[in-house]
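Peer 1: build me a model from this:
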Amino acid sequence: MALFLFKNFKYFKTFKKIVLPLLLLCFTPLWDGASPVFGEAPPSERMRQERHLDLLAPPDTSSPRATLKSFLDNMNSSYALIMKAHEQQLATQGFLWTLPEVRRLEEEGERYFARAVQCLDLRMVPKIHRTDMGYETAFFIKGVLDRVPLPPWEEIPGAPRWNGAGEGKAPKEDPLPLSWRIPGTELELHFVKEEHKQGGYLFSAHTVSQAEKLYRRAKPLPYQPGATPGFYDFYDLNPGRLLPPKWALALPSWSRKLIGEQTLWQWISLFFTLGLFFLLSLGLFRLFFRKGRQSHTILQGGLNLLLPLGTILASLGTAYIISNVINIAHAPLAWVLTALSGLRWVLGAWSVFLAGNLVAEIIVASPRIDPQGIDASLVRSFAKLFSILVALGIIINGGTRLGFSLLPMLTGLGVAGLAISLAARPTIENVIGGVILFADRSIRVGETCSFGDTVGTIMNIGLRTTRMRGLDRTVISIPNADLAQFKITNLSRRDRIRMKFCVNLRYETTPDQLRWVLAKLREMLTAHERVHREDMRVRLVGFGASSLDVEVQAFINTRVWGDFLAIQEDLYLRMMDIIEASGTGFAFPSQTTYLAKDPGLDADRSRKAEEAVAAWRQEQKLPFPEMSPEEKRALEKSIPYPPEGSSSSKK
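Peer 2: Predicted coordinates:
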C-alpha cells in the first residue's frame, strides 16, 4: 500500500487529509495516554492535595445559592484546567500520545466537570443519555449564565435565617423556598428529595429540557466578566470528550465546516464508523451463524450465542467512538445511541434465549438423560419458557432505560384483562396440556401413537403443540390441549401385537372337514415360535350369509410393526395350505341356485312328530311356555362336553 501511495502522489494527499485522520479517530483510545516507548517525561511530583480532597466531596446543594456557586466554581475550574492542558499539549512534540502531566490536568478537569453535572436534575432523561445530555446541558446552562448578570450573592436564598420575634417570644426560622428562578432567565432551581439522602437544590428537569433553547436565545448576548468564552464551541467542534487529541490539528480546514450543528469531519466519521460496525456485524454473522448450522447441536448453540455477544461488543465500541472520540452531539447522538442501545437490549434478550437453549442441550447431553425421552423434552421446554421470561424482563428494562415507560403500558393492560385472558385462553390451555403430557409421561419422542383417526410417530413435545410424523410422512401439529383430551393409544409400548381375523369357509364344508381345519389351525399356531400361546383361539363363531365364519386370534411376539406384518404373512400362507389340504375352500359372497324335483315332506317322520305332541297334550306335559322343573332336572347334564371321541374328554 505504501508503494502504491508513493507512485500515486495525488492519492497520498487524499489519504493524508481524509482516510488517515479517520483511522486515527477509530484507534485513538489505543494510543491516548503516556507511553514510555515514545520517550515522554515522567509524571510531575507536584500534587495539589487540597484540590483532590475537595474533589472527593459531592457539590454543595444545600440551598439555591450553594448550588449555583458549586456549579459555577466547578465549571470555571474545569475550564481553567482543560485550557491549561490544551496549551501544554500544543507546546509539546508528538502526534498521537499525550504527556502524563497533560493527562493529569485533563482528568482533574473532567472530575470538576462531573461535579458540575451533579447539580442538574437528570431524572427525566433516559439513563443511556444522561452522561452526554448532562455534559451538553451543563455547557448550555453555563453559556446562559456567562451572558446574563447575576444578582448579588446575598440576595440569593442561602442558609435559613432566624427572624427576630416580639418581646417574650422565641425567634423563628425563615425556611428556604422550594424553588428559585434566576432573575431575567428561565433557569430554575428546585428542591429535590431523594431516597436515602437529605436532598438538595438542583437545576430543575424543565430547565434541563429547555437548556439548549435558552442557550440559542442567549448566544448573541455579550459575555459577562468572569465568563468561560468559547468553552462549548471548543467541546462541540473538536473530537474527544473535553480535551481534543493532538491529531485533531491534522484535520483539513474544509472538514471543520458546520453542517447541521456538526462539522463535516464528524459526519464523515459517523458514517464511516457505522459502516465499519455494519461490516463487522455481517462478518460475525457469516462466521458464526452459517458455520454453526453445519456443526453439532452444542457447538451450533455456542456459535449462535457468539453472534449476538460479538455484535453487542461491537455496538459498545461503536457507541464509545461516536460519543467520546468523534464527539457527536445533539439529536444525531441521541438517535444513534438510542438505536445502538435498543439493538443491544434486543441482542441481550436473544442471547439469554440462546443461552437457555444451550444449557438445555448440555444437560440433555448427560448420559443419564435419553435425548429422545420425555425428560429431554421437559428440560428443553422449561429452558425455553424460563429464557423467554428473562428475555421479556430484559426488553422491559431496556425500554425503561431508553425512556419508553413500559410498566404503565403493562398496567394499562389490566383494563382489557378480560379480553386478553379470553384471547390467550387457547395458548394457556395448550401450555397446561403440555404440562399434563409431561407429568403423565403417556408419550415420548420417537414413539408411535394413535388418537382418533391419526396414527404417527412423535417428533417433538413442546409447551404449546406436539408434532408427529404421520404414516404418509406428513408432519402433523396437534395443540396440547386437544391431545391431552384424546384417548391416546401408545403403540410403541405394546409387548406384543394382536392378530385377529375371520376365515370364511364354504357351506359345502362337512362338519368333520371343519373339525379337521380347526384342529390343524390350532396345532399350527401352537407350534409357531413367534406366536404367544396364551390368549390364542380358533373358533367357529357363526354362520354367515354365504360362509362358515371361523375366528382366529393370536398375539405375535414382536413390537415392530414391520416384523408383525412378515409373521402374519407367514401364518396366512400356512393357513391356506391347511384349508387346501382339508378339501374345502374359502367362501366368497355368492348365491347358489339348486334345480331339483321337490320330494315333499317325509310322511312317517311328520306323523311321529304329531303323535308325540298329541301325547304331550293329553298327558298335560306340553313344554310351553316353559318345561316343568321335573323335566329340567331330568335333562340336566345329559349331554357330555367335550364330545365323545375328543382328546380333551379322556380322563
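Peer 1: this structure - how does it break down into domains?
Peer 2: As assigned by automatic domain parsing, the chain contains the domains 1-25, 32-37+47-158+176-250, 262-412, 428-492, 497-582, 613-649.
Peer 1: export those to TSV and tack on mean neighbour count?
Peer 2: C-beta here means a position set from N, CA and C on the backbone, and glycine is covered the same way. Shown next, in TSV, are the domains of the chain (neighbours: other CB atoms under 10 Å):
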stretch	mean neighbour count
domain 1-25	13
domain 32-37+47-158+176-250	17
domain 262-412	17
domain 428-492	16
domain 497-582	15
domain 613-649	9
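Peer 1: closest one to Arg256 among those domains?
Peer 2: domain 262-412 (5.1 Å; CB to CB).
Peer 1: would CSV of the domains of the chain with mean pLDDT and distance to Asp604 be doable?
Peer 2: Compiled in CSV, these are given as follows (pLDDT from 0 to 100; distance: least, CB to CB, whole Å):
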stretch, mean pLDDT, distance to Asp604
domain 1-25, 43, 129
domain 32-37+47-158+176-250, 81, 118
domain 262-412, 77, 78
domain 428-492, 75, 62
domain 497-582, 89, 26
domain 613-649, 73, 16
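Peer 1: for Met576, which three-state class applies?
Peer 2: helix (DSSP: H, G, I helix; E, B strand; the rest coil).
Peer 1: repeat that for Ser62.
Peer 2: coil.
Peer 1: show me what the helix or strand where Glu87 lies is packed up against.
Peer 2: Under the criterion of DSSP states H and E, Glu87 resides in helix 64-91. Helix 64-91 sits against helix 100-117, helix 130-145, strand 188-192, strand 200-203, helix 231-236, with contacts defined as 3 or more CB pairs under 8 Å, 6 or more residues apart in numbering; DSSP states H and E.
Peer 1: can you rerun that using 7 Å?
Peer 2: Using 3 or more CB pairs under 7 Å, 6 or more residues apart in numbering; DSSP states H and E, the elements in contact with helix 64-91 are helix 100-117, helix 130-145, strand 188-192, strand 200-203.
Peer 1: among these, which is nearest Asn397?
Peer 2: helix 130-145 (15.7 Å).
Peer 1: for the closest one, packing partners?
Peer 2: helix 64-91, helix 100-117, helix 205-218, helix 231-236.
Peer 1: go again with 10 Å.
Peer 2: helix 64-91, helix 100-117, strand 200-203, helix 205-218, helix 231-236, helix 330-364 (3 or more CB pairs under 10 Å, 6 or more residues apart in numbering; DSSP states H and E).
Peer 1: rebuild those as a markdown table, extending it with distance to Met627.
Peer 2: Listed next are the helices and strands packed on helix 130-145 as a markdown table, based on distance: least, CB to CB, whole Å:
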| stretch | distance to Met627 |
| --- | --- |
| helix 64-91 | 120 |
| helix 100-117 | 116 |
| strand 200-203 | 114 |
| helix 205-218 | 109 |
| helix 231-236 | 122 |
| helix 330-364 | 74 |
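Peer 1: out of those, nearest to Pro58?
Peer 2: Closest among these, using CB to CB: helix 100-117, at 7.4 Å.
Peer 1: so what touches the helix or strand hosting Lys520?
Peer 2: Assigned by DSSP H and E, Lys520 belongs to helix 511-527. With CB atoms under 10 Å, 6 or more residues apart in numbering as the test, helix 511-527 has contacts from 499, 503, 505-506, 509-510, 531-533, 536-540, 548, 550, 552-554, 571, 574-575, 577-579, 581-584, 643, 645-647.
Peer 1: how about the closest residue to Ala227 other than its chain neighbours, what does it touch?
Peer 2: Spatially, and ignoring its direct neighbours in sequence, Ala227 is nearest to Asp146 (3.5 Å; CB to CB, 6 or more residues apart in numbering). Contact partners of Asp146, counting by CB under 10 Å, 6+ apart, are 72, 75-76, 218, 221-229, 231-232.
Peer 1: ok, now with 7 Å
Peer 2: Tyr223, Gln224, Ala227, Thr228 (CB atoms under 7 Å, 6 or more residues apart in numbering).
Peer 1: what is the most widely separated pair among these?
Peer 2: Taking CB to CB, no two of the contacts of Asp146 sit farther apart than Gln224 and Thr228, at 10.6 Å.
Peer 1: sorry, back to before: can you redo the domains of the chain as TSV with distance to Arg605?
Peer 2: Shown next, in TSV, are the domains of the chain (distance: least, CB to CB, whole Å):
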stretch	distance to Arg605
domain 1-25	124
domain 32-37+47-158+176-250	113
domain 262-412	73
domain 428-492	56
domain 497-582	21
domain 613-649	13
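Peer 1: fine, thanks again, bye for now.
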